[in-house]
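S.K.: The sequence isn't on hand, but the structure is:
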């Protein structure tokens with residue numbers, strides 16, 4: 001079975017890494033799709049976000065990485081995926097994910113959405129909050145992979161000059 005795990009991942013967090021580590025044994029291939037929406041402002045380029053995943057998950061052999069600005073469901077159809085995996089951290093995420101899953105089902109009836117609950121130790125971690133902590137030079141330990149922590153330090157040390 002082929003799965004797509006999509007997101008903006010700006011930046012990746014240990015919650016994202018945890019979900020991939022947990023789902024990868026369940027699928028023949030997991031395609032991590034780094035989204036790039038034109039209306040959003042990103043901290044990191046899509047190529048950087050893909051590189052973060054590669055550095056954080058070097059020993060998982062069934063991962064493939066892609067970048068896209070189109071519909072996830074179109075990408076899933078193109079690669080022959082049977083499911084789209086979405087992470088769910090808190091109850092407030094549920095409504096958005098349900099609407100998205102129903103729209104994807106309308107557009108591609110044979111592709112299922114699998115919801116994976118966040119590990120409780122990461123259910124408070126979001127990319128948005130990580131960026132806020134980083135902007136105030138807070139401690140990112142236990143929130144992001146080391147490669148992301150280093151990238152934030154480099155970004156913010158350049159801004160101070």
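M.R.: Perfect, I can see it now. This is a predicted model, so every value here is computed, not measured.

S.K.: quick one: residue 74 and residue 4, what's the gap?
M.R.: To residue 4, residue 74 is 11 Å away according to CB to CB, to the nearest Å. Bear in mind the C-beta positions are built from the backbone N, C-alpha and C, glycine included.

S.K.: Which one's more surrounded, the two?
M.R.: With neighbours defined as other CB atoms under 10 Å, residue 74 and residue 4 compare such that residue 4 has more, 27 against 11.

S.K.: residue contacts, the more buried one?
M.R.: Residue 4 makes contacts with 30, 31, 33, 72, 75, 76, 79, 81, 83, 84, 85, as judged by CB atoms under 8 Å, 6 or more residues apart in numbering.

S.K.: Among these, which ones are in helices?
M.R.: Using DSSP state H, the subset of the contacts of residue 4 located in helices is 72, 75, 76, 79.

S.K.: which one among those gets closest to residue 139?
M.R.: Closest approach to residue 139 among the ones in helices among the contacts of residue 4 (CB to CB): residue 72, at 33.0 Å.

S.K.: mind checking the SS state of the residue nearest to that closest one when sequence neighbours are not counted?
M.R.: Closest residue in space to residue 72, ignoring its immediate chain neighbours: residue 6 at 4.4 Å, by CB to CB, 6 or more residues apart in numbering. Recorded secondary structure, residue 6: strand (DSSP: H, G, I helix; E, B strand; the rest coil).

S.K.: Could you list everything residue 6 pairs with in the sheet?
M.R.: residue 33 (DSSP bridges).

S.K.: any idea how far residue 133 is from it?
M.R.: For residue 6, the distance to residue 133 - CB to CB - is 24 Å.

S.K.: now residue 62
M.R.: Computed as CB to CB, the residue 62 to residue 133 distance reads 32 Å.

S.K.: Same question for residue 100.
M.R.: Taken as CB to CB, the span from residue 100 to residue 133 is 27 Å.

S.K.: before we move on, what about residue 112?
M.R.: 35 Å.

S.K.: list the helices and strands the worst-scoring helix or strand of the chain on mean pLDDT packs on?
M.R.: Every helix and strand of the chain was ranked by mean pLDDT, DSSP states H and E. The lowest is helix 146-160, at a mean of 80. Contact here means 3 or more CB pairs under 8 Å, 6 or more residues apart in numbering; DSSP states H and E; on that basis helix 146-160 packs against helix 46-56, helix 127-135.

S.K.: re the thing from before, any chance of a PyMOL selection covering the buried ones in the ones in helices among the contacts of residue 4?
M.R.: Entered in PyMOL, the line below selects the buried ones among these, by 16 or more other CB atoms under 10 Å:
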select buried, resi 72+75+76
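
S.K.: Much appreciated, bye for now.
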